[in-house]
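Participant: this one's structure only:
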(Lines give C-alpha, C1' and ligand atoms only; values in the text may rest on other atoms or scores of the structure.)
Protein backbone atom coordinates (compact mmCIF):
# COMPACT_ATOMS: atom_id res chain seq x y z
CA UNK A 1 0.00 0.00 0.00
CA UNK A 2 -0.67 2.44 -1.53
CA UNK A 3 -1.70 0.95 -4.85
CA UNK A 4 -2.71 3.03 -7.85
CA UNK A 5 -4.04 1.07 -10.83
CA UNK A 6 -4.86 2.65 -14.18
CA UNK A 7 -7.14 0.63 -16.42
CA UNK A 8 -7.51 1.98 -19.97
CA UNK A 9 -8.88 1.08 -23.37
CA UNK A 10 -6.13 -0.26 -25.62
CA UNK A 11 -6.75 2.39 -28.27
CA UNK A 12 -4.87 4.98 -26.16
CA UNK A 13 -1.78 2.83 -25.64
CA UNK A 14 0.32 5.54 -27.34
CA UNK A 15 -0.67 7.99 -24.58
CA UNK A 16 0.36 5.89 -21.58
CA UNK A 17 4.13 6.33 -21.59
CA UNK A 18 5.17 8.53 -18.68
CA UNK A 19 1.80 8.37 -16.93
CA UNK A 20 2.81 6.00 -14.12
CA UNK A 21 5.93 8.03 -13.44
CA UNK A 22 3.98 11.31 -13.25
CA UNK A 23 1.32 9.82 -10.94
CA UNK A 24 4.02 8.31 -8.73
CA UNK A 25 5.58 11.75 -8.32
CA UNK A 26 2.24 13.19 -7.23
CA UNK A 27 1.80 10.42 -4.68
CA UNK A 28 5.27 11.04 -3.30
CA UNK A 29 4.76 14.81 -3.17
CA UNK A 30 1.48 14.39 -1.27
CA UNK A 31 3.52 13.54 1.80
CA UNK A 32 0.99 10.87 2.72
CA UNK A 33 2.94 7.83 1.58
CA UNK A 34 6.32 6.28 2.24
CA UNK A 35 8.34 6.06 -0.96
CA UNK A 36 9.03 2.32 -0.63
CA UNK A 37 5.31 1.57 -0.57
CA UNK A 38 4.24 3.40 -3.72
CA UNK A 39 3.09 1.11 -6.53
CA UNK A 40 1.57 2.67 -9.64
CA UNK A 41 0.71 0.53 -12.63
CA UNK A 42 -1.36 0.59 -15.79
CA UNK A 43 -2.95 -2.14 -17.85
CA UNK A 44 -4.75 -2.07 -21.17
CA UNK A 45 -8.10 -3.68 -21.92
CA UNK A 46 -8.05 -5.17 -25.40
CA UNK A 47 -11.85 -5.36 -25.64
CA UNK A 48 -14.22 -2.50 -24.87
CA UNK A 49 -17.55 -0.85 -25.71
CA UNK A 50 -17.68 2.82 -24.71
CA UNK A 51 -20.62 5.25 -24.89
CA UNK A 52 -21.87 5.41 -28.51
CA UNK A 53 -19.07 3.04 -29.59
CA UNK A 54 -17.24 5.32 -31.97
CA UNK A 55 -13.81 3.77 -32.54
CA UNK A 56 -12.14 6.88 -31.10
CA UNK A 57 -13.98 6.54 -27.77
CA UNK A 58 -11.56 5.78 -24.96
CA UNK A 59 -11.28 5.82 -21.19
CA UNK A 60 -8.82 5.73 -18.32
CA UNK A 61 -10.11 4.59 -14.93
CA UNK A 62 -7.82 5.10 -11.92
CA UNK A 63 -8.32 3.34 -8.60
CA UNK A 64 -6.18 4.33 -5.64
CA UNK A 65 -6.22 1.85 -2.76
CA UNK A 66 -4.68 3.08 0.47
CA UNK A 67 -4.39 1.91 4.04
CA UNK A 68 -6.67 3.42 6.66
CA UNK A 69 -5.42 6.33 8.69
CA UNK A 70 -5.68 9.30 6.35
CA UNK A 71 -8.34 11.94 7.00
CA UNK A 72 -11.13 12.64 4.53
CA UNK A 73 -9.38 15.90 3.70
CA UNK A 74 -6.14 14.08 2.91
CA UNK A 75 -7.92 11.54 0.73
CA UNK A 76 -9.71 14.30 -1.17
CA UNK A 77 -6.50 16.26 -1.60
CA UNK A 78 -4.57 13.33 -3.08
CA UNK A 79 -7.55 12.34 -5.24
CA UNK A 80 -7.75 15.85 -6.66
CA UNK A 81 -3.99 16.06 -7.19
CA UNK A 82 -3.90 12.73 -9.05
CA UNK A 83 -6.89 13.76 -11.17
CA UNK A 84 -5.17 17.04 -12.05
CA UNK A 85 -2.01 15.12 -12.99
CA UNK A 86 -3.98 12.73 -15.22
CA UNK A 87 -5.87 15.63 -16.82
CA UNK A 88 -2.56 17.29 -17.69
CA UNK A 89 -1.12 14.03 -19.00
CA UNK A 90 -4.21 13.35 -21.14
CA UNK A 91 -4.82 16.99 -22.19
CA UNK A 92 -4.67 16.16 -25.89
CA UNK A 93 -7.25 13.40 -25.44
CA UNK A 94 -9.53 15.55 -23.28
CA UNK A 95 -9.49 18.27 -25.93
CA UNK A 96 -11.47 15.97 -28.22
CA UNK A 97 -14.97 14.62 -27.41
CA UNK A 98 -14.03 10.94 -27.17
CA UNK A 99 -12.30 10.48 -23.83
CA UNK A 100 -13.50 9.98 -20.25
CA UNK A 101 -11.34 9.96 -17.13
CA UNK A 102 -12.28 8.75 -13.65
CA UNK A 103 -10.53 8.28 -10.33
CA UNK A 104 -11.73 6.62 -7.14
CA UNK A 105 -10.05 6.35 -3.75
CA UNK A 106 -10.70 3.16 -1.77
CA UNK A 107 -9.49 2.08 1.66
CA UNK A 108 -7.84 -1.23 2.45
CA UNK A 109 -9.02 -3.00 5.59
CA UNK A 110 -6.17 -3.16 8.13
CA UNK A 111 -7.67 -6.28 9.71
CA UNK A 112 -7.83 -8.25 6.46
CA UNK A 113 -4.62 -7.27 4.68
CA UNK A 114 -0.99 -8.29 4.89
CA UNK A 115 2.24 -6.90 3.46
CA UNK A 116 5.81 -8.09 3.05
CA UNK A 117 7.94 -5.27 1.76
CA UNK A 118 11.60 -5.90 0.97
CA UNK A 119 12.04 -2.40 -0.48
CA UNK A 120 11.44 -0.46 2.76
CA UNK A 121 14.67 -1.54 4.51
CA UNK A 122 16.78 -0.36 1.56
CA UNK A 123 15.16 3.06 1.40
CA UNK A 124 14.77 3.57 5.15
CA UNK A 125 18.49 3.15 5.76
CA UNK A 126 19.41 5.83 3.26
CA UNK B 1 -19.13 5.79 -14.16
CA UNK B 2 -20.63 3.29 -14.71
CA UNK B 3 -17.76 0.87 -15.24
CA UNK B 4 -18.24 -2.78 -16.18
CA UNK B 5 -15.08 -4.90 -16.20
CA UNK B 6 -14.99 -8.50 -17.40
CA UNK B 7 -12.01 -10.53 -16.25
CA UNK B 8 -11.66 -13.95 -17.89
CA UNK B 9 -9.28 -16.85 -18.25
CA UNK B 10 -7.32 -16.57 -21.50
CA UNK B 11 -8.52 -19.99 -22.70
CA UNK B 12 -11.90 -18.49 -23.68
CA UNK B 13 -10.46 -15.66 -25.74
CA UNK B 14 -12.32 -16.97 -28.80
CA UNK B 15 -15.62 -16.40 -26.98
CA UNK B 16 -15.13 -12.74 -26.04
CA UNK B 17 -15.84 -11.01 -29.36
CA UNK B 18 -19.17 -9.18 -29.15
CA UNK B 19 -19.49 -9.51 -25.37
CA UNK B 20 -18.67 -5.90 -24.47
CA UNK B 21 -21.04 -4.63 -27.13
CA UNK B 22 -23.90 -6.83 -25.89
CA UNK B 23 -23.34 -5.83 -22.25
CA UNK B 24 -23.15 -2.15 -23.23
CA UNK B 25 -26.56 -2.46 -24.91
CA UNK B 26 -28.05 -3.95 -21.74
CA UNK B 27 -26.63 -1.11 -19.67
CA UNK B 28 -28.07 1.46 -22.05
CA UNK B 29 -31.47 -0.25 -22.15
CA UNK B 30 -31.63 -0.34 -18.34
CA UNK B 31 -32.36 3.36 -18.44
CA UNK B 32 -30.16 3.87 -15.38
CA UNK B 33 -27.10 5.26 -17.13
CA UNK B 34 -26.29 8.12 -19.44
CA UNK B 35 -24.86 6.85 -22.72
CA UNK B 36 -21.71 8.96 -22.55
CA UNK B 37 -20.75 7.42 -19.21
CA UNK B 38 -20.94 3.75 -20.15
CA UNK B 39 -17.57 1.98 -20.19
CA UNK B 40 -17.51 -1.79 -20.67
CA UNK B 41 -14.22 -3.60 -21.07
CA UNK B 42 -12.72 -7.08 -20.86
CA UNK B 43 -9.24 -8.33 -20.09
CA UNK B 44 -7.74 -11.78 -20.19
CA UNK B 45 -5.70 -13.40 -17.44
CA UNK B 46 -2.86 -15.39 -18.96
CA UNK B 47 -2.28 -17.43 -15.80
CA UNK B 48 -4.99 -19.23 -13.85
CA UNK B 49 -5.83 -22.26 -11.69
CA UNK B 50 -9.54 -23.08 -11.67
CA UNK B 51 -11.41 -25.72 -9.65
CA UNK B 52 -9.87 -29.16 -10.37
CA UNK B 53 -7.51 -27.58 -12.91
CA UNK B 54 -8.69 -29.35 -16.03
CA UNK B 55 -7.32 -27.40 -18.99
CA UNK B 56 -10.88 -26.73 -20.19
CA UNK B 57 -11.85 -25.02 -16.93
CA UNK B 58 -12.59 -21.35 -17.50
CA UNK B 59 -14.28 -18.37 -15.88
CA UNK B 60 -15.63 -14.91 -16.55
CA UNK B 61 -15.98 -12.54 -13.60
CA UNK B 62 -17.92 -9.32 -14.14
CA UNK B 63 -17.74 -6.33 -11.81
CA UNK B 64 -20.08 -3.41 -12.34
CA UNK B 65 -19.11 -0.23 -10.48
CA UNK B 66 -21.74 2.48 -10.41
CA UNK B 67 -22.24 5.81 -8.70
CA UNK B 68 -24.54 6.00 -5.70
CA UNK B 69 -28.14 6.98 -6.24
CA UNK B 70 -29.79 3.85 -7.64
CA UNK B 71 -32.20 1.91 -5.46
CA UNK B 72 -31.55 -1.67 -4.40
CA UNK B 73 -34.26 -2.75 -6.83
CA UNK B 74 -32.54 -0.94 -9.69
CA UNK B 75 -29.17 -2.46 -8.85
CA UNK B 76 -30.68 -5.93 -8.70
CA UNK B 77 -32.53 -5.41 -11.97
CA UNK B 78 -29.42 -4.36 -13.87
CA UNK B 79 -27.33 -7.12 -12.25
CA UNK B 80 -29.85 -9.73 -13.33
CA UNK B 81 -30.14 -8.27 -16.84
CA UNK B 82 -26.35 -8.27 -17.31
CA UNK B 83 -26.11 -11.83 -15.95
CA UNK B 84 -28.80 -12.96 -18.39
CA UNK B 85 -26.95 -11.27 -21.25
CA UNK B 86 -23.68 -12.98 -20.28
CA UNK B 87 -25.44 -16.34 -19.92
CA UNK B 88 -26.81 -15.99 -23.44
CA UNK B 89 -23.45 -14.90 -24.80
CA UNK B 90 -21.66 -17.82 -23.11
CA UNK B 91 -24.42 -20.41 -23.67
CA UNK B 92 -22.08 -22.81 -25.50
CA UNK B 93 -19.59 -22.65 -22.63
CA UNK B 94 -22.27 -23.07 -19.95
CA UNK B 95 -23.57 -26.16 -21.72
CA UNK B 96 -20.35 -27.95 -20.79
CA UNK B 97 -19.21 -28.57 -17.19
CA UNK B 98 -16.08 -26.40 -17.30
CA UNK B 99 -17.25 -22.81 -17.05
CA UNK B 100 -18.24 -20.51 -14.18
CA UNK B 101 -19.75 -17.04 -14.49
CA UNK B 102 -20.09 -14.40 -11.77
CA UNK B 103 -21.25 -10.81 -11.56
CA UNK B 104 -21.03 -8.33 -8.70
CA UNK B 105 -22.40 -4.79 -8.41
CA UNK B 106 -20.33 -2.33 -6.38
CA UNK B 107 -20.95 1.33 -5.54
CA UNK B 108 -18.44 4.12 -6.04
CA UNK B 109 -18.12 6.63 -3.21
CA UNK B 110 -19.32 10.06 -4.36
CA UNK B 111 -17.08 11.76 -1.80
CA UNK B 112 -13.89 10.04 -2.96
CA UNK B 113 -14.27 9.93 -6.72
CA UNK B 114 -13.74 12.37 -9.57
CA UNK B 115 -14.62 12.37 -13.25
CA UNK B 116 -13.69 14.39 -16.32
CA UNK B 117 -15.86 13.34 -19.23
CA UNK B 118 -15.24 14.87 -22.65
CA UNK B 119 -17.79 12.57 -24.30
CA UNK B 120 -20.88 13.92 -22.49
CA UNK B 121 -20.94 17.33 -24.22
CA UNK B 122 -20.89 15.72 -27.65
CA UNK B 123 -23.78 13.34 -26.88
CA UNK B 124 -25.82 15.75 -24.79
CA UNK B 125 -26.02 18.30 -27.60
CA UNK B 126 -27.47 15.82 -30.03
CA UNK C 1 -16.66 -17.08 -5.68
CA UNK C 2 -14.03 -17.24 -4.28
CA UNK C 3 -11.88 -15.16 -6.61
CA UNK C 4 -8.15 -14.64 -6.09
CA UNK C 5 -6.50 -12.16 -8.46
CA UNK C 6 -2.76 -11.55 -8.56
CA UNK C 7 -1.68 -8.31 -10.21
CA UNK C 8 2.07 -7.96 -10.78
CA UNK C 9 4.64 -5.82 -12.53
CA UNK C 10 5.63 -7.38 -15.86
CA UNK C 11 9.32 -7.50 -14.89
CA UNK C 12 8.68 -10.59 -12.71
CA UNK C 13 6.90 -12.57 -15.42
CA UNK C 14 9.55 -15.30 -15.13
CA UNK C 15 8.51 -15.84 -11.49
CA UNK C 16 4.79 -16.38 -12.04
CA UNK C 17 4.72 -19.97 -13.35
CA UNK C 18 3.28 -22.25 -10.70
CA UNK C 19 1.98 -19.44 -8.50
CA UNK C 20 -1.72 -19.81 -9.33
CA UNK C 21 -1.52 -23.56 -8.81
CA UNK C 22 0.16 -23.19 -5.41
CA UNK C 23 -2.36 -20.57 -4.25
CA UNK C 24 -5.25 -22.71 -5.47
CA UNK C 25 -3.98 -25.59 -3.35
CA UNK C 26 -3.88 -23.36 -0.26
CA UNK C 27 -7.44 -22.23 -0.90
CA UNK C 28 -8.60 -25.81 -1.25
CA UNK C 29 -6.74 -26.94 1.86
CA UNK C 30 -8.30 -24.11 3.91
CA UNK C 31 -11.52 -26.07 3.91
CA UNK C 32 -13.48 -22.84 3.44
CA UNK C 33 -14.23 -23.18 -0.25
CA UNK C 34 -15.86 -25.68 -2.55
CA UNK C 35 -13.41 -26.89 -5.19
CA UNK C 36 -15.65 -26.02 -8.14
CA UNK C 37 -15.80 -22.39 -7.05
CA UNK C 38 -12.07 -21.68 -6.78
CA UNK C 39 -10.76 -19.26 -9.40
CA UNK C 40 -7.16 -18.05 -9.09
CA UNK C 41 -5.64 -15.92 -11.82
CA UNK C 42 -2.72 -13.58 -12.43
CA UNK C 43 -2.24 -10.71 -14.82
CA UNK C 44 0.79 -8.59 -15.63
CA UNK C 45 0.89 -4.81 -15.74
CA UNK C 46 3.09 -3.68 -18.62
CA UNK C 47 3.51 -0.15 -17.23
CA UNK C 48 4.51 0.67 -13.66
CA UNK C 49 6.36 3.11 -11.39
CA UNK C 50 7.39 1.57 -8.08
CA UNK C 51 9.04 3.23 -5.06
CA UNK C 52 12.32 4.88 -6.18
CA UNK C 53 11.80 3.52 -9.70
CA UNK C 54 14.85 1.31 -9.97
CA UNK C 55 14.25 -1.04 -12.91
CA UNK C 56 14.48 -4.05 -10.57
CA UNK C 57 11.61 -2.78 -8.40
CA UNK C 58 8.62 -5.10 -8.63
CA UNK C 59 5.39 -5.96 -6.86
CA UNK C 60 2.70 -8.60 -6.58
CA UNK C 61 -0.68 -7.52 -5.20
CA UNK C 62 -3.19 -10.25 -4.31
CA UNK C 63 -6.89 -9.60 -3.80
CA UNK C 64 -9.10 -12.41 -2.51
CA UNK C 65 -12.83 -11.82 -2.94
CA UNK C 66 -15.08 -14.22 -1.07
CA UNK C 67 -18.76 -14.55 -0.33
CA UNK C 68 -20.05 -13.55 3.09
CA UNK C 69 -20.38 -16.17 5.75
CA UNK C 70 -16.85 -16.81 6.96
CA UNK C 71 -15.84 -15.60 10.40
CA UNK C 72 -13.14 -12.98 10.92
CA UNK C 73 -10.90 -15.76 12.22
CA UNK C 74 -11.42 -17.79 9.06
CA UNK C 75 -10.70 -14.81 6.84
CA UNK C 76 -7.54 -14.03 8.75
CA UNK C 77 -6.42 -17.67 8.63
CA UNK C 78 -6.80 -17.96 4.86
CA UNK C 79 -5.21 -14.53 4.32
CA UNK C 80 -2.19 -15.56 6.34
CA UNK C 81 -1.95 -18.95 4.62
CA UNK C 82 -2.05 -17.37 1.16
CA UNK C 83 0.53 -14.76 2.18
CA UNK C 84 2.82 -17.52 3.45
CA UNK C 85 2.39 -19.42 0.20
CA UNK C 86 3.23 -16.32 -1.86
CA UNK C 87 6.23 -15.56 0.35
CA UNK C 88 7.56 -19.06 -0.26
CA UNK C 89 6.89 -18.82 -3.98
CA UNK C 90 8.62 -15.42 -4.21
CA UNK C 91 11.42 -16.20 -1.73
CA UNK C 92 14.17 -15.39 -4.25
CA UNK C 93 12.58 -12.03 -4.99
CA UNK C 94 12.02 -11.20 -1.30
CA UNK C 95 15.68 -11.93 -0.58
CA UNK C 96 16.60 -8.83 -2.59
CA UNK C 97 15.51 -5.27 -1.69
CA UNK C 98 13.36 -4.65 -4.76
CA UNK C 99 10.12 -6.54 -4.21
CA UNK C 100 6.91 -5.83 -2.30
CA UNK C 101 4.04 -8.26 -1.71
CA UNK C 102 0.53 -7.46 -0.50
CA UNK C 103 -2.69 -9.37 0.04
CA UNK C 104 -6.17 -8.11 0.87
CA UNK C 105 -9.36 -10.06 1.62
CA UNK C 106 -12.62 -8.48 0.46
CA UNK C 107 -16.21 -9.66 0.83
CA UNK C 108 -18.72 -9.90 -1.99
CA UNK C 109 -22.21 -8.62 -1.27
CA UNK C 110 -24.71 -11.51 -1.38
CA UNK C 111 -27.52 -9.14 -2.30
CA UNK C 112 -25.74 -7.66 -5.31
CA UNK C 113 -23.98 -10.67 -6.84
CA UNK C 114 -24.99 -13.55 -9.09
CA UNK C 115 -23.32 -16.79 -10.14
CA UNK C 116 -23.89 -19.44 -12.78
CA UNK C 117 -21.50 -22.31 -12.20
CA UNK C 118 -21.45 -25.21 -14.65
CA UNK C 119 -18.46 -26.83 -12.91
CA UNK C 120 -20.20 -27.59 -9.61
CA UNK C 121 -22.53 -30.34 -10.95
CA UNK C 122 -19.58 -32.24 -12.42
CA UNK C 123 -17.55 -32.15 -9.22
CA UNK C 124 -20.45 -32.62 -6.80
CA UNK C 125 -21.49 -35.88 -8.42
CA UNK C 126 -18.05 -37.43 -7.99
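Facilitator: All right, it came through fine. Keep in mind it's a predicted model, so treat the numbers as computed, not measured.

Participant: Isn't residue A:27 up against residue A:40?
Facilitator: Yes - the pair residue A:27 / residue A:40 is scored as a contact, 7.0 Å apart, by CB atoms under 8 Å. To be clear about C-beta, it is placed using only N, CA and C from the backbone, and glycine gets the same treatment.

Participant: Buried residues, the longest helix anywhere in chain A. List them.
Facilitator: Counting by DSSP state H, the longest helix found in chain A is helix A:72-89. Across helix A:72-89, burial judged by 16 or more other CB atoms under 10 Å in any protein chain shown covers A:75, A:78-79, A:82-83, A:85-86, A:89.

Participant: Contacting chain C as well, which ones from those?
Facilitator: Among those, not one lies near chain C by CB under 8 Å from any CB of the partner chain.

Participant: For my notes, please list these in JSON lines and give pLDDT and distance to chain B for each entry.
Facilitator: Converted to JSON lines, the buried residues of helix A:72-89 look like this (pLDDT from 0 to 100; distance: CB to the nearest CB, whole Å):
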{"residue": "A:75", "pLDDT": "98", "distance to chain B": "6"}
{"residue": "A:78", "pLDDT": "98", "distance to chain B": "10"}
{"residue": "A:79", "pLDDT": "98", "distance to chain B": "6"}
{"residue": "A:82", "pLDDT": "98", "distance to chain B": "8"}
{"residue": "A:83", "pLDDT": "98", "distance to chain B": "4"}
{"residue": "A:85", "pLDDT": "98", "distance to chain B": "12"}
{"residue": "A:86", "pLDDT": "98", "distance to chain B": "8"}
{"residue": "A:89", "pLDDT": "98", "distance to chain B": "12"}
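
Participant: Give the other helices and strands that the host helix or strand of residue A:66 contacts.
Facilitator: Assigned by DSSP states H and E, residue A:66 belongs to strand A:58-67. Counting contacts by 3 or more CB pairs under 8 Å, 6 or more residues apart in numbering or on different chains; DSSP states H and E, strand A:58-67 is packed against strand A:3-9, strand A:47-50, helix A:72-89, strand A:99-108, strand B:39-45.

Participant: Show me what the helix or strand that the longest helix of chain A is followed by is packed up against.
Facilitator: Downstream of helix A:72-89, the first helix or strand assigned by DSSP H and E is helix A:91-94. Contact partners of helix A:91-94 among helices and strands, from 3+ CB pairs under 8 Å, 6+ apart: none.

Participant: Give me the distance from helix A:91-94 to the chain's centre.
Facilitator: Distance of helix A:91-94 from its chain centroid, counting by CA atoms, centre = their mean, to the nearest Å, is 17 Å.

Participant: Now do the contacts for the closest residue in space to residue A:107 that isn't next to it in sequence.
Facilitator: Leaving aside its sequence neighbours, residue A:107 sits nearest to residue A:68 (CB to CB, 6 or more residues apart in numbering or on different chains; 5.3 Å). If you count contacts by CB atoms under 8 Å, 6 or more residues apart in numbering or on different chains, residue A:68 has them with A:107-110.

Participant: Would you tell me which one of these comes nearest to chain B?
Facilitator: The closest of those to chain B turns out to be residue A:107 (CB to the nearest CB; 8.7 Å).

Participant: Looking at that closest one now. What's its pLDDT?
Facilitator: Per-residue pLDDT puts residue A:107 at 97.
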